[in-house]
Each structure stands twice: as structure tokens, then as C-alpha cells.
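Enquirer: build me a model:
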Amino acid sequence: MAGSKVGDMSAPVVKTVRSLPTTLHATYDLYDFLSLDNVTGLIVLKDGAVVFETYQRGNTADTRWTI
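Expert: Below is the predicted model:
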């Protein structure tokens, strides 16, 4: 969307608690999970502030997705 600003399409974050899938005696770290599930970015918020962010697969904080 040309000319759009960050927040134009924001939505509230819904808190969800669920168990992660179990694996057959394998141990994975965060980056294994991101890679195996094809996650391209992860942002963690605490009390409304960004406390961690990482981008994968060539993406950065400036990457914009189009639909």
C-alpha cells in the first residue's frame, strides 16, 4: 500500500496460551522453530514495549508485505 503509515492496519493483540507441539526426543531452540515453521519475523512485547525482535529469510524491520 503506497503511502500507508505504520499502524494504519493495526489490530489488538489477543493473548493466547497453548502448548507447543511435542517432538520425538528432539530439542529445538527458537531459531530452529522459526526456520522449521517458515516464520519470517517475530516481535515480543512486554507491557506494550518491544523486548525482542528477529527477522528471518532475508527480511528486516523495514520489509513491507503486500497482499
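Enquirer: quick one: pLDDT of the residue of the chain most remote from its centre?
Expert: Relative to the centre of the chain, and counting by Cα atoms, centre = their mean, the farthest-placed residue is His25 at 25.6 Å. What the model reports as pLDDT for His25 is 74.
Enquirer: so how far is stretch 27-42 from its chain's centroid?
Expert: 10 Å (Cα atoms, centre = their mean, to the nearest Å).
Enquirer: just the CA coordinates for it, please, in CSV.
Expert: Output in CSV follows, covering the C-alpha atoms of stretch 27-42 (Å, rounded to 0.1, in the frame of the first residue of the first chain):
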residue,chain,number,x,y,z
THR,A,27,15.3,-30.5,21.2
TYR,A,28,14.8,-27.3,19.2
ASP,A,29,15.8,-23.7,20.0
LEU,A,30,14.0,-20.6,19.0
TYR,A,31,15.8,-20.3,15.7
ASP,A,32,15.1,-24.0,14.8
PHE,A,33,11.4,-23.3,15.4
LEU,A,34,11.4,-20.2,13.3
SER,A,35,13.1,-22.0,10.5
LEU,A,36,11.1,-25.2,10.6
ASP,A,37,7.8,-23.2,10.7
ASN,A,38,8.8,-20.8,8.0
VAL,A,39,8.4,-17.8,10.3
THR,A,40,9.8,-14.6,8.8
GLY,A,41,9.7,-12.3,11.8
LEU,A,42,9.0,-12.4,15.5
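Enquirer: how near is the residue farthest from the centre of the chain to Leu34?
Expert: Distance, His25 to Leu34, using Cβ to Cβ, to the nearest Å: 21 Å. (C-beta placed from N, C-alpha, C; glycine too.)
Enquirer: distance between the ends of stretch 44-52?
Expert: Using Cα to Cα, to the nearest Å, the end-to-end distance of stretch 44-52 comes to 5 Å.
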